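> the following block contains a protein sequence and its predicted model.
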Amino acid sequence: MKFRLALKGAALAVATSVAGMAMAEDPTKVGFVYVGPIGDGGWTYQHDQGRLAVEAEFGDKVETIFQESVPEGADSERVMTQMALAGADIIFTTSFGYMDATNAVAAKFPDVKFEHATGYKRLHPNVATYDSRFYEGRAVLGHIAGKMTETNKIGYIASFPIPEVIQGINSYFLHAQKVNPDVELTVIWVYTWFDPAKEADAAKAMIEQGVDVITQHTDSTAPLAEMAKTDGIIGFGQASDMGEYKPAPRVASIIDNWNPYYIKRVKAVMDGTWEQGHSWGGMAEGEVVIGEITGPVPDDLKAEAMGMVEAITAGDYHPFTGPIMKQDGSVFLAEGEVATDEQLVTMDFYIQGITGEIPN
Amino acid sequence: MGGIDPVVLIASLMVASTPILLAAIGELVVEKAGVLNLGVEGMMILGAICGFATAVETGSPALGFVAAAIAGAAFSMIFGLLTQYLLSNQVATGLALTLFGLGLSALIGQGYVGIKAPNTPRLDLPVLSDLPIVGPILFSHDAMLYVSLLIVAGVWLFLSRTRGGLILRAVGESHDAAHALGYKVIRIRLMAIAFGGACAGLGGAYLSLVRVPQWTEGMTAGAGWIALAIVVFASWRPWYALIGAYLFGGIVVLELNLQAAGVKVPVDLLAASPYLVTILVLVLMSRSKSRAALNAPADLGRSFHATA
């Protein structure tokens, strides 16, 4: 990967030295730090689509750089520092695990803007955070899962026990349970965002236990490849449409559309209007999109799912609307009460009906 | 263990372990010849894409595995030429090989994302495959899994029971002595490196053709590094490598299955356990000062240059 970056860097150096003579204005330099390869077909792929959208929008007024497969932790700090030293004006760090590194590097480069995806720490005035309301999409998938399961066992391949993932698990199960009181949820924590073999093994382990609808919170299409081996198992595209597994086993998907946000923020840097903040867009902002519902899903269920999408988009329905109990039986939300953003971003418990414990 | 079928568990741990077993047994031979090739991950991923692409184009998984072995061996020759003839540093060259392999495989794989691989047939023997317990564990896997076991047996036989194996070990223990006896140190090492590359390529192809099966960039996700750890874990003994690989693969599969069965397990600890075990083994083995206890080839990682 570094090799490719080096090639790109060399090509850019040649290009800029030629173009530099003709062009007086300096392009805005935008950096992206990715946790997986851009060809993962999921999370990182979608962020890279956002990068390409920025290039398409601003043409030669921007220059983008990116690095793939950057491990969360110390190594990411080095990558961000390199990008800042290379003259980046704004750097998007696109995984939860980059949170501390982003803030540490931001302290050293007060003139560079940093945007950290899915995090909550903004320790310096040049750090903003942004996220999507994936739980809105999970609600729709949960509804489909609850109605489609024949064994009444549905599964969730979870990555790390962080609020974003726990929101997804709760939303998925809550809406499956609403349409199917007998449904049971199996959660497997794989402790990785991207490891196709392990993701596939997790799906396999669930299928052996009789689970017949599986959703994933990991980035590769491997679980769908595993589901494709067995008839009657269905799943969902995650982060990207994963359309190559249409019409089955992939019957729907949550698509992360970062394009509008990236364009907006790069524009703000160009105009000098960039400000620190936290953005949390969902279906209403076009950031969370449900992909085409296909194959085995009957038309009436498809219509119900689309109805949910409309209601959430219009703001008529919030997936976390009470009454909702916590796993231990205490009240999370009273009748008619809607969860606040604060309650969601700190969510560290399962709702009632989910067995098992959240590891910590 | 509530709800887990041990037979299914053993059968799936064998599948999960085969990629790292193949890569580890290849690297074991390379290290026995005194060469440390840290490019296992790169050779694996290159084998994964070359095997996948060939299988898709020809419709034959068998040809895919052959292509993966050739690709892995050919790729390892870059390392061979650099370290054996140009005497470059083996650690740095191996790391470079990994980075190069990851990038090159991503380039080759551009057109193969989202394509389905032809199905690799499983063994289906009339009576044996239907036997309870023994059938699913021993007689109903894909052919490549048996090949991996044959390779382990073959390597053990070669290293411990043949003259060729003795020469290879001699080269790894003292290349100067082997050279003085008239053995072609460089040529023997190149052959070992090529064998290691071929095995790593097979391991990668097993991932992309059987275990997952699909092509995704970076899909080895560190399997090559685990294979390297297994060689040390096995203290350079072929059968120990088999145990090591099945143990490592077994922990992963067991951890996932325990979770699927709803058994309360310390997940984070289990996920880290293969690495913890590796560190523990390294500490235990290096406790003793004598090289014999460590069992590492004495000339491991040292460049050879014939002076006379």
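That came through, no problem.

> close to chain B: what parts of the stretch 151-300 of chain A are there?
Counting by C-beta under 8 Å from any C-beta of the partner chain, the residues of the stretch 151-300 of chain A lying close to chain B are A:155, A:186-192, A:194-198, A:200-202, A:204-206, A:208-209, A:211, A:220-222, A:225-226, A:228, A:243-244. The way it works is simple: take the backbone N, C-alpha and C, and place the C-beta from them, glycine included.

> what do you get if the cut-off is 7 Å, keeping everything else the same?
A:186, A:188-189, A:191, A:194-198, A:200-202, A:204-206, A:208-209, A:220-222, A:225, A:244 (C-beta under 7 Å from any C-beta of the partner chain).

> longest helix in chain B, please.
If you go by DSSP state H, chain B has its longest helix at helix B:6-32.

> run the chain-centre distance for that helix.
Taking C-alpha atoms, centre = their mean, to the nearest Å, one finds helix B:6-32 lying 7 Å from the centre of the chain it belongs to.

> likewise for stretch A:36-52?
Taking C-alpha atoms, centre = their mean, one finds the center of stretch A:36-52 at 11 Å from the center of the full chain.

> pLDDT on it, on average?
Averaging pLDDT along stretch A:36-52 yields 91.

> now the helices: where do they sit in chain A?
Under DSSP H, chain A gives helices at A:2-22, A:43-58, A:74-85, A:99-108, A:134-148, A:163-179, A:196-208, A:222-227, A:259-271, A:299-314, A:341-345.

> avg pLDDT for the shortest one?
In this model, helix A:341-345 has a mean pLDDT of 91.

> residues of stretch B:121-131 that come out buried?
Under the neighbour-count criterion of 16 or more other C-beta atoms under 10 Å in any protein chain shown, stretch B:121-131 has B:Ser129 buried.

> and B:Phe65, which of the helices of chain A is closest to it?
helix A:196-208 (17.2 Å; C-beta to C-beta).

> can you give me the helices in chain B?
Using DSSP H, helices in chain B cover B:6-32, B:40-58, B:61-80, B:90-108, B:134-138, B:143-161, B:163-173, B:175-180, B:185-206, B:223-233, B:238-260, B:267-287, B:291-294.

> pLDDT score for the residue in the stretch 101-250 of chain B that chain A sits nearest to?
Relative to chain A, the nearest point of the stretch 101-250 of chain B is B:Gly114 (3.2 Å; C-beta to the nearest C-beta). We have a pLDDT of 77 for B:Gly114.

> what is the burial count for it?
16 (other C-beta atoms under 10 Å in any protein chain shown).

> just A:Lys108 next, same as before
13.

> ditto for the one 4 residues further on
When neighbours are defined as other C-beta under 10 Å, A:Val112 has 21 of them.

> name all residues that make contact with residue 35.
Going with chain A. A:Thr44, A:Val70, A:Glu72, A:Thr94, A:Ser95, A:Trp193, A:Phe194 (C-beta atoms under 7 Å, 6 or more residues apart in numbering or on different chains).

> wait, chain B was what I had in mind.
Counting by C-beta under 7 Å, 6+ apart, B:Val35 has contacts B:Thr83, B:Gln90, B:Arg189, B:Ala192, B:Ile193.

> redo that, cut-off 6 Å
B:Arg189, B:Ile193 (C-beta atoms under 6 Å, 6 or more residues apart in numbering or on different chains).

> try A:Thr230
A:Ile207.

> how about B:Leu21?
B:Ser148, B:Ala245.

> can you do 7 Å?
Per C-beta under 7 Å, 6+ apart, neighbours of B:Leu21: B:Ser148, B:Leu242, B:Ala245.

> nearest to A:Tyr135, of those?
Using C-beta to C-beta, the contacts of B:Leu21 come closest to A:Tyr135 at B:Ala245, 39.7 Å.

> which one is that closest one nearest to, not counting chain neighbours?
Nearest non-adjacent residue to B:Ala245, counting by C-beta to C-beta, 6 or more residues apart in numbering or on different chains: B:Leu21, 3.7 Å away.

> neighbours of the nearest residue to the residue of the stretch 101-250 of chain B closest to chain A once chain neighbours are set aside, how many?
The spatially closest residue to B:Gly114, leaving aside those adjacent along the chain, is A:Glu244, at 3.2 Å (C-beta to C-beta, 6+ apart). Applying other C-beta under 10 Å, we find 16 other residues in the vicinity of A:Glu244.

> A:Glu244 reaches B:Tyr112, doesn't it?
No - using C-beta atoms under 7 Å, A:Glu244 is not in contact with B:Tyr112, being 11.0 Å away.

> picking up where we left off before, tell me the phi and psi of the residue of the stretch 101-250 of chain B closest to chain A?
phi 80, psi 10 (degrees, to the nearest 10).

> picking that back up, return the distance of the residue nearest to B:Ala245 relative to B:Gly249.
8 Å (C-beta to C-beta, to the nearest Å).

> A:Thr94 too?
In terms of C-beta to C-beta, A:Thr94 sits 31 Å off from B:Gly249.

> B:Gly301 and chain A, how far apart?
For B:Gly301, the distance to chain A equals 23 Å [C-beta to the nearest C-beta, to the nearest Å].

> that residue is in contact with B:Leu36, isn't it?
Yes - using C-beta under 7 Å, B:Gly301 makes contact with B:Leu36 at a distance of 4.0 Å.

> neighbour count winner among the two?
Taking neighbours as other C-beta under 10 Å, B:Gly301 and B:Leu36 compare with B:Leu36 leading, 20 against 17.

> need the contact list for the nearest residue to B:Ala177 once chain neighbours are set aside.
What sits nearest to B:Ala177 in space, not counting adjacent residues and going by C-beta to C-beta, 6+ apart, is B:Ala170, at 6.8 Å. Neighbour list for B:Ala170: B:Ala177, B:Ala178, B:Tyr183 [criterion: C-beta under 7 Å, 6+ apart].

> most neighbours of all those, which one?
B:Ala178 (23 neighbours).

> surely it touches B:Val171?
Yes - using C-beta under 7 Å, B:Ala178 makes contact with B:Val171 at a distance of 4.6 Å.

> shared neighbours, the two?
B:Val185.

> around chain A, pick out the residues from chain B.
Counting by C-beta under 7 Å from any C-beta, chain B sits next to chain A at B:3, B:8, B:12, B:16, B:99-100, B:102-103, B:106, B:109, B:113-114, B:207, B:211-214, B:216-219, B:221, B:252-253, B:256-257, B:259-262, B:264, B:267-268, B:271.

> those, buried ones only, as a ChimeraX selection?
Per 16+ other C-beta under 10 Å, the buried members of the residues of chain B next to chain A correspond to this ChimeraX selection:
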select /B:8,12,16,99,100,102,103,106,109,113,114,207,211,212,213,214,216,217,218,219,221,252,253,256,257,259,260,261,267,271
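
> what pLDDT does the closest residue to A:Pro196 other than its chain neighbours get?
Nearest non-adjacent residue to A:Pro196, counting by C-beta to C-beta, 6+ apart: A:Ala222, 3.7 Å away. A:Ala222 carries a pLDDT value of 92.

> contacts only, for A:Ala222.
Here A:Ala222 is in contact with A:Pro196, A:Glu199, A:Ala200, B:Val212, B:Gln214, B:Thr216 (C-beta under 7 Å, 6+ apart).

> what number of residues lie near the closest residue to A:Phe194 other than its chain neighbours?
Distances taken as C-beta to C-beta, 6+ apart put A:Gly36 closest to A:Phe194, at 4.1 Å, once the chain neighbours are dropped. Counted with other C-beta under 10 Å, residues neighbouring A:Gly36 total 29.
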